[in-house]
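**Q** heads up, no residue letters with this:
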């Protein structure tokens, strides 16, 4: 069984893609790790810590394009991950709700 796929350039493309997106993966992993430790430190269970860390990692990966949108360097990705992991899912959701209520006020019926 061959160790390389049919086209040897495949590994080159995979490694190039991974190196291009490394800040996002690092930020998401950092967010997961901080969220996991925060929940365990706060007395939560393993299940809660695992779910919280996965959600924080997903939020970080989803928020990563905002750095490019606001013309911020991708080196801030680690800070973004650390902040999201420290705040947690509930606080990030509360901040998002407050922001949308401020920008998009509810209609009075």
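**A** Sure, I can see it. Keep in mind that this is a model prediction, so the values were computed, not measured.

**Q** Excluding chain neighbours, what is closest to the residue nearest in space to the middle of the chain?
**A** Centroid check for the chain by Cα atoms, centre = their mean gives residue 60 as the closest residue, at 1.8 Å. The shortest distance from residue 60 to any non-neighbouring residue, by Cβ to Cβ, 6 or more residues apart in numbering, is to residue 31 (4.0 Å). For the C-beta atoms, the positions are set from N, CA and C on the backbone; glycine is no exception.

**Q** what's the average pLDDT for whatever helix or strand that neighbour lives in?
**A** Per DSSP states H and E, residue 31 falls inside helix 22-41. Regarding helix 22-41, the rounded mean pLDDT is 96.

**Q** For the longest helix along the chain, name the packing helices and strands.
**A** Taking DSSP state H as the criterion, the chain has its longest helix at helix 77-103. Applying 3 or more Cβ pairs under 8 Å, 6 or more residues apart in numbering; DSSP states H and E, one finds that helix 77-103 makes contact with helix 22-41, helix 46-63.

**Q** Can you tell me how far residue 44 is from residue 37?
**A** In this view, residue 44 and residue 37 are 11 Å apart by Cβ to Cβ, to the nearest Å.

**Q** Residue 68 and residue 57, how far apart?
**A** 19 Å.

**Q** Same question for residue 36.
**A** 10 Å.

**Q** that older thread, quick one: pLDDT of the residue nearest to the centre of the chain?
**A** Reported pLDDT for residue 60: 96.

**Q** One more: residue 3?
**A** Residue 3 is assigned a predicted lDDT (pLDDT) of 65.
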